[in-house]
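Q: sequence first, predicted model second:
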Amino acid sequence: MMVASKTVFGEMSVERREVEQLFMEQVTNEFSASQLYLSASIWCDRNDMTGMASYMRAESNEERGHGMTLIDFAMKRDFNLSLQTVPAPESDWEGPEELWEALLDGEKDNTQSLLRLADAAQTCHDHSLLTLLMPYHMEQVNSEDKLKTILAKVRDENKTPGLLRQLDTELGAVVGV
């Protein structure tokens, strides 16, 4: 059970403390997602899939940017924010299909975390936080959809030789490689 604590502004409600806790978790999730994409980039590079590696490096940078945006927001709002430990990401996949499944699972987990944070912000009537989160919700929908499409192509690779190399080239072109 959460208890109210003092802030420079007076008593903090249990709901507000929950928002701040979920907010800290979301910052950690964004940096964890960044690390997972970076780890996947390294794996792809080691396996001569340089287009995918570049794509994932760009995704890693984007996720890190999300974390930094959240931190900037927290500082403007005087949130009681402290960074949490980012666990080491997975790094040894059996193959591309397993790797893309891990990325999709990570995005799904991130979506659920964002939804919990939004629900808590709604309970507190924190309209600024809800506004900040709005574009992230649509980005998660788009990210999950894109990863599902990529995963379907990777799965089809077993039926169509050369498709994985084509996908590697396609994803590299997305980031200008």
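A: Nice, thanks for sending it over. Residues are numbered from 1 along each chain as shown.
Q: which residue ranges of the chain form helices?
A: Applying DSSP state H to the chain gives helices spanning 14-46, 50-76, 96-123, 127-156, 163-174.
Q: most tightly surrounded among those?
A: For the helices of the chain, the largest average neighbour count (mean count of other CB atoms under 10 Å) is found in helix 14-46, namely a mean of 20. Where C-beta positions appear, they are placed from N, C-alpha and C, glycine not excepted.
Q: quick one: average confidence on it?
A: The average of the pLDDT scores along helix 14-46 is 96.
Q: repeat for stretch 131-144
A: Stretch 131-144 shows a mean pLDDT of 97.
Q: chain center to that stretch, what's the gap?
A: For stretch 131-144, the separation from the chain centroid amounts to 10 Å (computed by CA atoms, centre = their mean, to the nearest Å).
Q: and the contacts of that stretch?
A: 66, 69-70, 73, 104, 107-108, 110-111, 114-115, 117-118, 121 (CB atoms under 8 Å, 6 or more residues apart in numbering).
Q: pick the one among those closest to residue 129.
A: residue 121 (4.2 Å; CB to CB).
Q: just give the nearest non-adjacent residue to the closest one, would you?
A: Nearest non-adjacent residue to residue 121, counting by CB to CB, 6 or more residues apart in numbering: residue 129, 4.2 Å away.
Q: residue contacts, residue 60?
A: Contact analysis of residue 60 by CB under 8 Å, 6+ apart lists 34-35, 37-38, 41.
Q: try it again with 7 Å
A: Each residue near residue 60 by CB atoms under 7 Å, 6 or more residues apart in numbering is listed here: 34, 37-38, 41.
Q: which of the residues you listed sits closest to residue 80?
A: residue 34 (23.2 Å).
Q: OK, contacts around the closest one?
A: Shown in contact with residue 34 (CB under 7 Å, 6+ apart): 60, 63-64, 67.
Q: switch to 8 Å and redo it
A: Going by CB under 8 Å, 6+ apart, residue 34 touches 60-61, 63-64, 67.
Q: same check, this time on residue 52
A: Applying CB under 8 Å, 6+ apart to residue 52 gives the contacts 40-41, 44, 96, 167-168, 171-172.
Q: next one: residue 118
A: If a contact means CB under 8 Å, 6+ apart, then residue 118 has 130, 133, 137 as its contacts.
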